[in-house]
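Trainee: no FASTA, just this:
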């Protein structure tokens with residue numbers, strides 16, 4: 001009974017105070033994090049698929065799927081600026097009523113090389129959002145017969161919810177500094193990226209019922225990510241801190257990956273030949289510990305993560321949080337010397 005009350009409370013909170021989809025491997029869902037990530041990477045085309053199943057032990061919990069594709073255009077040494085384009089589609093479903101959201105967003109990013117080692121980007125996105133639910137699947141307290149629920153009994157509840165579509169918009173900024181210590185076998189890279197974004201600038205109305213005027217709160221995001229190659233080793237440290245605020249909800253996730261390169265790239269083949277293992281652990285403050293593991297083989301990568309719930313909710317979840325997996329494909333720069341010409345590294 002206690003578990004059912006928690007599920008009902010989650011449902012009501014999502015109905016009255018709608019907020020955004022959620023991922024723990026946030027850095028692997030770049031367009032959800034910041035539209036200024038579109039085309040803002042050392043390559044030409046990137047495609048990422050994400051899947052998350054949260055609180056599966058409760059039954060009918062949150063399931064979130066996302067696919068993003070982004071690419072750069074006019075990315076040449078002679079051009080001080082180039083363009084990033086992105087498409088982001090996601091679907092989120094939860095509960096017996098399958099209440100959820102489907103959204104498609106188009107991202108446009110203007111990227112400026114501010115120096116030989118730095119670049120700045122500003123982006124906007126616009127999207128269409130559809131919300132829906134199957135309320136006929138719900139059962140209510142007055143359908144209890146003894147200890148069981150009779151789904152055929154009248155609920156006595158008037159449900160006026162209807163599916164609706166609205167328009168969404170957001171914007172973001174990114175700054176990156178990169179430098180490389182030249183080495184005969186491989187250049188050791190240091191990079192630092194700082195980003196900020198605001199989503200739902202237009203605060204679209206959530207028409208859950210006739211006459212509803214509830215507006216989706218803006219989501220503010222700030223993130224700092226770095227890559228530090230340890231000199232004369234095959235090890236890199238990839239720390240990150242991500243801050244998210246939406247209405248009264250605040251989320252801070254911090255941690256790091258440790259990357260071991262099984263095979264270093266060469267001056268001829270560049271990062272196309274690099275393979276590595278990434279082991280990381282992150283902490284979402286007052287909520288979850290998140291171990292993560294990923295393997296990348298030049299253009300391809302796969303990663304998994306799991307939330308170990310440590311909040312007060314663990315009494316119901318039994319510390320079971322959310323399982324995540326992502327698949328990634330990237331067309332990378334041809335070689336380190338070419339990357340230097342195009343991105344201004346030493």
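Mentor: Received, thanks. Just so you know, these numbers come straight off a predicted model, no measurement behind them.
Trainee: drop to CA atoms for contacts and neighbour counts, all remaining ones
Mentor: Fine.
Trainee: Is there a neighbour count for residue 209? I'd like the number.
Mentor: By the criterion of other CA atoms under 10 Å, residue 209 has 14 neighbours.
Trainee: What ranges does the stretch 101-250 of the chain have for its strands?
Mentor: Taking DSSP state E, counting those that start in this stretch as the test, the strands found in the stretch 101-250 of the chain are 118-132, 144-145, 148-149, 164-181, 188-199, 219-229, 235-246, 249-263.
Trainee: Which residues are in contact with residue 71?
Mentor: By CA atoms under 8 Å, 6 or more residues apart in numbering, residue 71 lies in contact with 38-39, 44-46, 84-86.
Trainee: try 10 Å
Mentor: 37-41, 43-47, 83-87, 330-331 (CA atoms under 10 Å, 6 or more residues apart in numbering).
Trainee: now do residue 193
Mentor: Residue 193 touches 118-120, 174-178, 223-227, 240, counting by CA under 10 Å, 6+ apart.
Trainee: May I ask which of the residues you listed has the most neighbours?
Mentor: Counting by other CA under 10 Å, residue 174 has the largest number of neighbours within the contacts of residue 193, with 24 neighbours.
Trainee: Identify each buried residue in stretch 114-132, please.
Mentor: For stretch 114-132, the neighbour count (16 or more other CA atoms under 10 Å) marks 114, 116-127, 129-132 as buried.
Trainee: Which ones among the contacts of residue 71 map onto strands?
Mentor: Using DSSP state E, the subset of those located in strands is 43-47, 83-87, 330-331.
Trainee: Just among the residues you listed, which is most surrounded?
Mentor: Neighbour-wise, the ones in strands among the contacts of residue 71 (other CA under 10 Å) top out at residue 84, 27 neighbours.
Trainee: Isn't that residue up against residue 39?
Mentor: Yes - if you go by CA atoms under 10 Å, residue 84 and residue 39 touch, sitting 4.1 Å apart.
Trainee: Flag the least confident of the contacts of residue 193.
Mentor: Lowest pLDDT within the contacts of residue 193 is found at residue 178 (91).
Trainee: Quick check: it touching residue 194?
Mentor: No - using CA under 10 Å, residue 178 is not in contact with residue 194; the gap is 11.9 Å.
Trainee: joint contacts of these two?
Mentor: residue 226.
Trainee: Which pLDDT value goes with the residue nearest to residue 198 when sequence neighbours are not counted?
Mentor: Closest residue to residue 198 apart from its sequence neighbours, by CA to CA, 6 or more residues apart in numbering: residue 220 at 4.6 Å. Predicted confidence (pLDDT) for residue 220: 97.
Trainee: just residue 183 next, same as before
Mentor: pLDDT at residue 183 comes out at 62.
Trainee: Also residue 308?
Mentor: Value for residue 308, per-residue pLDDT: 89.
Trainee: try the one 4 residues further on
Mentor: The predicted local distance difference test score for residue 312 is 67.
Trainee: same check, this time on the one 5 residues further on
Mentor: Note for residue 317: predicted pLDDT of 58.
Trainee: Give me the neighbour count for residue 154.
Mentor: For residue 154, using other CA under 10 Å, the count is 11.
Trainee: Verify the contact between it and residue 140 for me.
Mentor: Yes - using CA under 10 Å, residue 154 is in contact with residue 140, at 9.2 Å.
Trainee: still on that earlier bit, list residues touching both of residue 84 and residue 39?
Mentor: 45, 70-73, 75, 107-111, 121.
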